[in-house]
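[1] Predicted model follows, preceded by the sequence.
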Amino acid sequence: MKKLSIVVPCYNEEATVHPFLAETQKVERTMAGQLVFDYLFVNDGSKDQTLQVLREVSQQFANVHYLSFSRNFGKEAALLAGLEAADSDLITVMDADLQDPPELLQEMYAKIEEGFDVVGTRRADRKGEPVLRSFFARTFYWLVNKISDTEMVDGARDFRLMTRQVVDSILELGEVNRFSKGLFSWVGYDVTYLPYENRERVAGDTSWNFWSLLRYSIDGFINFSEAPLNLATWAGLASFILSIFAIIFVVIRRLIFGDPVSGWASTISIIMFLGGLQLLALGIIGKYIAKIFLETKKRPVYIVKEKG
């Protein structure tokens, strides 16, 4: 019988671990004749009692295991650790807050049996999400699909069922600066998506806010597109050409009308505009250089302090 590993990244999820297991174990009992379930929680340096809860459930259930980091390394590191530790025929990634419906696993497995390599999930709508966040999320997906060769599905979740071959391909991408939504798409394979209604957290508070999501989206742009660099290049070229025309205009005006004192305000404005443009270009280039710097240092993506 095939084995399924359920990778669950956790950060301050002490209130959700028990409800998550209760709901997922219902599905486990339903699919007992099809799959052997194995749970792998990854504690990403939680500051609450998440680790203690994971110790308790790992002793209570033989198929529940956990990894605990030495500090908070971020969800991307937790995802990588879980995928590296999983040794099953099928692997899925789920959030502990039950925003990923466990009952979908039955339909997802049926799709795998039909021949798909990856069965992802996507939210059919964004009910319950702040309007501003929804607007920027849709804008991100629209823009990144315009400027990147890697297609990212709007509303797609990390919750997906993958074959062993797909996970091995993902793990071959030895990047330090990881953006899983892009990596999942980049490896390709036969993929299908199941839509579902958006759900609220079963308990606790999310660690994601608008600014953390904005930083995450910027990482997505940097990791999967050269468009920001191209933008800096074309903006620099355009400002250079405009400055040539401006010099010609100033010289001609000097020869025809003399050298009036007026115009200092516009001069300062132009200088500030060009200076801001240069700083923007330097910032974009700096982001790429920073990514290269971190890759060359070869630091581990995470450090495991405890296993259970």
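    Now that the structure is in, tell me what you want to look at.

[2] Tell me where this structure has strands.
    Assigned by DSSP state E, the strands in the chain fall at 2-10, 35-43, 64-69, 90-93, 118-123, 156-163, 191-196, 304-307.

[3] So which bits of the fifth one are buried?
    To tie it back to what came earlier, the one meant is strand 118-123. Under the neighbour-count criterion of 16 or more other Cβ atoms under 10 Å, strand 118-123 has 118-121, 123 buried. In this view, the C-beta of every residue, glycine as well, is placed from N, C-alpha and C.

[4] The second one too?
    Judged by neighbour count (16+ other Cβ under 10 Å), strand 35-43 contains these buried residues: 35, 37-43.

[5] if I pick the closest residue to Phe41 other than its chain neighbours, what's in contact with it?
    Spatial nearest neighbour of Phe41, chain neighbours left out: Tyr66 (4.3 Å); criterion: Cβ to Cβ, 6 or more residues apart in numbering. Residues near Tyr66 by Cβ atoms under 8 Å, 6 or more residues apart in numbering: 40-43, 51, 54-55, 58, 306-308.

[6] change it to 6 Å
    By Cβ atoms under 6 Å, 6 or more residues apart in numbering, Tyr66 lies in contact with 41, 54, 58, 308.

[7] Most neighbours among those residues, which one is it?
    Phe41 (29 neighbours; other Cβ atoms under 10 Å).

[8] And that residue, how far from Gly286?
    37 Å (Cβ to Cβ, to the nearest Å).

[9] Just give me the closest of the buried residues of strand 118-123 to Asn198.
    Distance to Asn198, by Cβ to Cβ, is smallest for Arg123 among these, at 4.9 Å.

[10] Give me the pLDDT for the closest one.
    If you check Arg123, the pLDDT there is 75.

[11] isn't it right up against Pro195?
    No - the criterion here is Cβ atoms under 6 Å, and Arg123 misses it with Pro195 at 7.3 Å.

[12] that older thread, save the buried residues of strand 35-43 as TSV, and put in pLDDT too.
    Converted to TSV, the buried residues of strand 35-43 look like this (pLDDT from 0 to 100):
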residue	pLDDT
Leu35	83
Phe37	87
Asp38	88
Tyr39	89
Leu40	88
Phe41	89
Val42	89
Asn43	87
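
[13] which residues does Ile91 contact?
    Contacts of Ile91 by Cβ under 6 Å, 6+ apart are 5, 162, 167.

[14] how about those residues in CSV, adding pLDDT and distance to Tyr302?
    Output for these, formatted as CSV (pLDDT from 0 to 100; distance: Cβ to Cβ, whole Å):
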residue, pLDDT, distance to Tyr302
Ser5, 87, 18
Met162, 86, 20
Val167, 84, 17
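
[15] For the residues you listed, which entry has the maximal number of neighbours?
    Going by other Cβ under 10 Å, Met162 tops those with 28 neighbours.

[16] Report the beta-bridge partner residues of that one.
    Met162 forms beta bridges with Ile91, Val118, as assigned by DSSP bridges.

[17] What distance do you get for it to Leu40?
    14 Å.

[18] And Gly283, by the same measure?
    With Cβ to Cβ as the criterion, Gly283 and Leu40 are 39 Å apart.

[19] on that earlier part again, need the contacts of Ile91 in TSV with distance to Gln278, can you?
    Formatted as TSV, the contacts of Ile91 follow (distance: Cβ to Cβ, whole Å):
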residue	distance to Gln278
Ser5	50
Met162	44
Val167	44
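
[20] In CSV, list the C-alpha atoms belonging to stretch 64-82.
    C-alpha atoms of stretch 64-82 as CSV (Å, rounded to 0.1, in the frame of the first residue of the first chain):
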residue,chain,number,x,y,z
VAL,A,64,3.0,11.6,14.0
HIS,A,65,6.6,13.0,13.9
TYR,A,66,8.1,16.4,14.2
LEU,A,67,11.2,18.5,13.5
SER,A,68,11.9,21.6,15.5
PHE,A,69,14.2,24.4,14.3
SER,A,70,16.8,26.2,16.5
ARG,A,71,15.1,29.5,15.6
ASN,A,72,12.5,30.9,13.2
PHE,A,73,13.9,30.4,9.7
GLY,A,74,10.6,31.1,7.8
LYS,A,75,7.9,29.0,6.1
GLU,A,76,10.1,28.4,3.1
ALA,A,77,12.7,26.7,5.3
ALA,A,78,10.0,24.7,7.0
LEU,A,79,8.6,23.5,3.7
LEU,A,80,12.0,22.4,2.5
ALA,A,81,12.8,20.6,5.7
GLY,A,82,9.5,18.7,5.5
